[in-house]
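**Q** just a sequence and a predicted model for now, questions to come.
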Amino acid sequence: MDHFDYFAQQLINGLVLGSIYGLIAIGYTMVYGIVGMINFAHGDIFMIGGFIALITFLILVSIGLTTVPVILLIVLLVSMAITALYGWTVERIAYRPLRHSFRLAPMLSAIGMSFVLTNYSQVAQGARVKPIPPLITGGHTLHESADGFVIQLSNIQIVVVITTIVLLAVFTWLVSRTRLGRDMRACEQDQTMAALLGVDVDRTISMTFVIGAALAAVAGLMYLLYYGLVDFFMGFVAGIKAFTAAVLGGIGSLPGAMLGGLAIGLIETFWSAYFSVEYKDVAAFSILIVVLIFMPTGLLGRPEVEKV
Amino acid sequence: MTVLPHDTAPKSRTAGIPFILKKAFLSALVALVLFSLMIGIRTEAGQDGQLTYWTRFGELASLVGAVFGGSIVIELLRQWIGPTGAEKLVPAAVQNGVSFIGRYVAPALLIFTFLVPVIFYDQRYILDLGILVLTYVMLGWGLNVVVGLAGLLDLGYVAFYAVGAYSYALLATNFGLSFWICLPLAGILAAFWGVLLGFPVLRLRGDYLAIVTLAFGEIIRLVIINWQDLTGGPNGVSGIPRPTLFGIPLDNSDDGLAAKLGIEYSPTHRIVFLFYLILALALLTNWVTIRLRRLPIGRAWEALREDEVACRALGINTTTTKLTAFATGAMFGGFAGAFFATRQGFISPESFTFQESALVLAIVVLGGMGSQLGVALAALTMIGGFELFRGLEHYRMLVFGMAMVLIMIWRPRGLIGHRAPTVYLKKAQAISSDLVKEGHG
């Protein structure tokens, strides 16, 4: 087995995993940028997104829809819409009343909300892992070494990466070019001033949660397609890793979140490939600690960087 | 998450029935969309790995109906009671009353606790429950040093509990050391880990600190699971020796306490002994905390909680202040862990999940950060409540999460009491709340 081939294969796997983390990390970084709190329940929003995608998929298949692109599109839209409403509701119930409370209150409320969402989906959908048959099959062989090791790029990996890129493009446009994006940037800099200048701060913060949740729903769908399963507990670890990604990239910075996501995905994959699978989560958490200690501003988190 | 609270703007207080109905209708609509797929459809993996689903429209309809009704009730209550903002400030008279009662509740509670094994001698269940509650009281008091006094949000407290439990379990099973030698060792080891964690995270602000401690707690748990040679991995450590009364075992043997005292042996003796042991440990925690609070270090903790920048300006060494808080809290966590190990006789990583940290944190927050009596009452309420809903395993965590959110909204400074700084200026200065954010600097 050629070392380079093995490396290349892990690189591909890591980038795909990193794309999923990056999508979740954007939700953390946006909320932190505007409200200044860690939305602890965001990982669970991601999990809810995965569940809703799974259920929609089941319904569509059972009513006899067979065209895969159509199924995917409908699942994507339904899951984004409903999960976005979850994000909105969570903000409305648990965070908005606490906006002027003492510092730790929103954090504690978010932890409570995370418990609510985890156990809600456990009660509603049961504790067992929910598998689905692979929806997107096949792939391309990029390179085959002399002893038969094959670098595979599967179609699902292509779908994940392309979806991520498209979403990022749309999202960047939204933040930099639209009225809503301008409002968000204004609220991030100074909420009082923004309100004085006619920005509806409450609505803008709500929209931030809605967009973050919609992106997390896409990540949930991608996770479902890539790993072929969801369970009620997957939000916790994925959430912490995505938060690590957001911090690594520089919290508040959008490109940073994506970069951090890719970095965490790569580190986790390479750690599993070259050191030990058992300690991959330990590696991710250790990185979080090391990053926070030695460069709390992250890779791109300078004050002058455009943030959302 | 059944009801949608809304703005406390004056207009909503005087609004009439159409407004309430409209609000309730909107809430129900949102609930319908939220629950449509998650509640309305139930999925399950079948025998052959194929997913099946069935509909539950009845449950969906009743939930949406409940949200509709609940929304109306909440809105009416809000109009009768007034905006929630007014409730957050408890009138001085009530506060004085509470402190007056508090002066007598604490001794009464203490005397009652001492008498529990006498009153309920035959009821093993109540004794076991009492031990459990006291364990959480001790954990709560330990964490209170870190969160309540020093104002450092620690989401990984269970790590120190785990360090204490595994220290005792491994030292006792591998080297045959007795409980009374291991207990201080477990505390020292946990305190050592506290310092080890504390050192790097000192510069971090409130919520970064929380996440790092959370990560630390998870790392400890994952290492325990994966380091199978040492810890037995997911299988845990079994056969942990029971505690002895300074070398005299509490069993049915000829050397046992019962035989030496010449009374008939009963398994309850050990339970009663465990009860007084944890009571003594908890009271030690309480006593040390109260004494420390009167020392310069305790004053420094409270000052740190109130304003870190001012602390530095006054020449307080924030590094050592934070480190001692971490180490003290961790040490008590380690004691509690050692007790947990000897009581259970078996420990596994499952006992040391993030849920446990959140539960202890919720006890401290619910008790009003910094109040010793509040924490004890909160532990009693919380663990008692958990026991009441024992059959509803998943629902109780759901309710626990909701309670945490509601308490934060309703009384963010704690349900039972709030411990003001021991020393403070009697005449309050009017400062904008923006200027007194904790932990900046």
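**A** On my side now, so go ahead. Numbers count the residues shown, from 1 in each chain, chains lettered A, B, ... in the order given.
**Q** contacting residues for B:Leu257?
**A** Contacts were defined as C-beta atoms under 8 Å, 6 or more residues apart in numbering or on different chains; by that measure B:Leu257 touches B:245, B:248-250, B:269. Quick note: C-beta positions are derived from backbone N, CA and C, even for glycine.
**Q** which ones among the residues you listed are found in helices?
**A** Using DSSP state H to define helices, the subset of the contacts of B:Leu257 located there is B:His269.
**Q** all the strands of chain B, residue numbers only.
**A** B:41-45, B:51-55, B:237-238, B:244-245, B:248-249, B:346-347 (DSSP state E).
**Q** of the contacts of B:Leu257 - the most surrounded one?
**A** B:Leu250 (21 neighbours; other C-beta atoms under 10 Å in any protein chain shown).
**Q** and A:Arg179, how far from A:Asn39?
**A** A:Arg179 sits at a distance of 24 Å from A:Asn39 (criterion: C-beta to C-beta, to the nearest Å).
**Q** count of neighbours near A:Ser253?
**A** So A:Ser253, with other C-beta under 10 Å, has 24 neighbours.
**Q** chain neighbours aside, what residue packs nearest to it?
**A** Leaving aside its sequence neighbours, A:Ser253 sits nearest to A:Leu300 (C-beta to C-beta, 6 or more residues apart in numbering or on different chains; 4.5 Å).
**Q** just say helix, strand or coil for the one you found.
**A** coil (DSSP: H, G, I helix; E, B strand; the rest coil).
**Q** list the contacts for it?
**A** A:249-250, A:253, A:255-256, A:259.
**Q** can you do 10 Å?
**A** When the contact criterion is C-beta atoms under 10 Å, 6 or more residues apart in numbering or on different chains, the partners of A:Leu300 are A:248-260, A:306-307.
**Q** of those, which qualify as buried by neighbour count?
**A** A:248-260, A:307 (16 or more other C-beta atoms under 10 Å in any protein chain shown).
**Q** distance to A:Ser62 for those residues - can I get that in TSV?
**A** Shown next, in TSV, are the buried ones among the contacts of A:Leu300 (distance: C-beta to C-beta, whole Å):
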residue	distance to A:Ser62
A:Leu248	42
A:Gly249	41
A:Gly250	45
A:Ile251	42
A:Gly252	44
A:Ser253	43
A:Leu254	39
A:Pro255	41
A:Gly256	42
A:Ala257	37
A:Met258	36
A:Leu259	41
A:Gly260	39
A:Lys307	44
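**Q** need the pLDDT of B:Ala428.
**A** pLDDT recorded at B:Ala428 is 54.
**Q** check B:Val360 too.
**A** Per the predicted model, pLDDT is 91 at B:Val360.
**Q** looking at the strands of chain B, which is buried most?
**A** Comparing these by mean neighbour count (mean count of other C-beta atoms under 10 Å in any protein chain shown), strand B:346-347 ranks first with a mean of 20.
**Q** just checking, what packs against it?
**A** Where contact means 3 or more C-beta pairs under 10 Å, 6 or more residues apart in numbering or on different chains; DSSP states H and E, strand B:346-347 is packed against helix B:158-175, strand B:237-238, helix B:318-344.
**Q** so which of these is nearest A:Leu58?
**A** Closest to A:Leu58 of the helices and strands packed on strand B:346-347 is helix B:158-175 (C-beta to C-beta; 37.3 Å).
**Q** can you show me the strands along the stretch 101-250 of chain A?
**A** Assigned by DSSP state E, counting those that start in this stretch, the strands in the stretch 101-250 of chain A fall at A:130-131, A:139-144, A:150-154, A:229-230.
**Q** point out the most buried one among these.
**A** Comparing those by mean neighbour count (mean count of other C-beta under 10 Å), strand A:229-230 comes out on top with a mean of 22.
**Q** who's in contact with that one?
**A** For strand A:229-230, contacts defined as C-beta under 10 Å, 6+ apart pick out A:47-55, A:121, A:125, A:129-132, A:220-221, A:223-224, B:43, B:45.
**Q** rank the strands of chain B by pLDDT, which is bottom?
**A** Across the strands of chain B, the lowest-scoring stretch is strand B:248-249, with a mean of 72.
**Q** what's the first helix or strand after the helix or strand A:Ser272 falls within?
**A** Element membership of A:Ser272, judged by DSSP states H and E, is helix A:254-274. Using DSSP H and E, the helix or strand that follows helix A:254-274 in sequence is helix A:280-294.
**Q** how far off helix A:254-274 does that next one point, in degrees?
**A** 140 degrees (axes from the mean of the first three to the mean of the last three C-alpha atoms, to 10 degrees).
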